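[1] Requesting a structural model of the entry that follows:
(one chain, ligands or ions: 1)
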Amino acid sequence: MVTLPRLRCPGCGKAMGPVKAKEVPPANKYEDCLRRCEKCRIGATNAKNPAKVKYLRDGQPAEPTPAEPTSPPTNL
Ligand SMILES: [Zn+2]
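    Below is the predicted model:
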């Protein structure tokens, strides 16, 4: 079991973590981060050493929902 220490969100200063995890995957994007600020969409990479933590912003644009194909009008 690994415990990632508490960090402060660089955006709003809110505490993120501490987080306990069985395994710590490398975080290359916001979604991979175990410590995240939902409000700012900022994630802290999963380094145990706070000096090595990088902050990742959720840069992924929201996926546009595909428009339902409009069926041609049918005259019943
Ligand atoms: Zn924040």
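[2] Which stretches in this structure count as strands?
    Listed in chain order, the strands of the chain (DSSP state E) span 2-4, 7-8, 15-16, 19-21, 35-37, 42-44, 55-57.
[3] who does the fifth one touch, helix- and strand-wise?
    This points to strand 35-37. strand 15-16, strand 42-44 (3 or more Cβ pairs under 8 Å, 6 or more residues apart in numbering; DSSP states H and E). C-betas here are computed from N, CA, C, even on glycine.
[4] now check the first one, is it near the ion?
    In other words, strand 15-16. No: on the criterion Cβ under 5 Å from the ion, strand 15-16 is out of touch with the ion, staying 7.8 Å away.
[5] Spatially nearest residue to residue 24 (excluding sequence neighbours)?
    Residue nearest to residue 24 in three dimensions, not counting chain neighbours: residue 46, with 4.6 Å by Cβ to Cβ, 6 or more residues apart in numbering.
[6] Name the residues of the chain found near the ion, please.
    So far as Cβ under 5 Å from the ion goes, the chain lies against the ion at 9, 11-12, 14, 37, 39-40.
[7] at 6 Å instead, please
    Taking Cβ under 6 Å from the ion as the measure of proximity, the chain contacts the ion at 9, 11-12, 14, 37, 39-40, 42.
[8] thinking again about what came up before, which residues does the residue nearest to residue 24 contact?
    If you count contacts by Cβ atoms under 8 Å, 6 or more residues apart in numbering, residue 46 has them with 4, 21, 24-27, 32-35.
[9] what sits against the nearest residue to residue 22 once chain neighbours are set aside?
    Closest residue to residue 22 apart from its sequence neighbours, by Cβ to Cβ, 6+ apart: residue 1 at 6.2 Å. Residues in contact with residue 1 (Cβ under 8 Å, 6+ apart) are 20-22.
[10] picking up where we left off before, can you add mean neighbour count and give the helices and strands packed on strand 35-37 back as CSV?
    Shown next, in CSV, are the helices and strands packed on strand 35-37 (neighbours: other Cβ atoms under 10 Å):
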stretch, mean neighbour count
strand 15-16, 18
strand 42-44, 24
